[in-house]
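Undergrad: This is a predicted model, with the sequence first.
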Amino acid sequence: MIGRFGRSPAVCFLLGLPRSGTTLLAHLLQHHPDIVAPPEPWLMLALEAFGRVDQRHPAGSSLIEAATSEFLGRIDRTLASRAFADAAYDQYLAEAGKRILLDKTPRYWTALEFLESVYPEAPHILLMRNPYAIAASLH
């Protein structure tokens, strides 16, 4: 998808379980002159949860959720999320002077449907590791 402001940023998503090697792979890929891999931005998880706030929020969580739900119900939420993410990723890439952003947020697997709806063309790298090896690495 190309945003209304021009080309879309080159983004690749790195997902996996904790201790599956995502940090190591991001570090290795970042050595490429075109790639920047910021530490876990969690951007797409925040966009997926937009409008949901903690019950203790002073404005009232039910009011915020009702208002944003009504407002977002009248627009294409996927398109709005894409526009925001494109702007954020573009600015990060420009600041870094790189061409490709590797968004290493392992927990994106919890919002995979949302991620794929917003960035259907973006590559996804999913690292898997034997759960016993993960448990053994904790000691």
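TA: Arrived safely. Numbering: from 1, shown residues only.
Undergrad: CA atoms for contacts and neighbours, from now on please.
TA: Will do.
Undergrad: how long is stretch 13-20 end to end?
TA: One end of stretch 13-20 sits 15 Å from the other (CA to CA, to the nearest Å).
Undergrad: And the lengthiest helix in the chain, what does it pack against?
TA: The residue-count maximum for a helix in the chain (DSSP state H) belongs to helix 77-96. Helix 77-96 sits against helix 43-48, strand 100-104, helix 112-118, with contacts defined as 3 or more CA pairs under 8 Å, 6 or more residues apart in numbering; DSSP states H and E.
Undergrad: tell me which residues in it are buried?
TA: For helix 77-96, burial by neighbour count (16 or more other CA atoms under 10 Å) applies to 77, 78, 81, 82, 83, 85, 86, 87, 89, 90, 92, 93.
Undergrad: next one: stretch 9-29
TA: Buried positions in stretch 9-29, judged by neighbour count with 16+ other CA under 10 Å: 9-17, 19-23, 26-27.
Undergrad: just checking, which of these belong to helices?
TA: Using DSSP H, these in helices are 22, 23, 26, 27.
Undergrad: The first one: what's it in contact with?
TA: With contacts taken as CA atoms under 8 Å, 6 or more residues apart in numbering, residue 22 has the following neighbours: 14, 15, 16, 104, 106, 127.
Undergrad: repeat that for 7 Å
TA: Residue 22 makes contact with 14, 16, 104, 127, according to CA atoms under 7 Å, 6 or more residues apart in numbering.
Undergrad: related to what we said a few turns ago, could the buried residues of helix 77-96 go into CSV alongside distance to residue 69?
TA: CSV is the format used below for those (distance: CA to CA, whole Å):
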residue, distance to residue 69
77, 10
78, 13
81, 14
82, 18
83, 18
85, 19
86, 22
87, 23
89, 25
90, 27
92, 29
93, 31
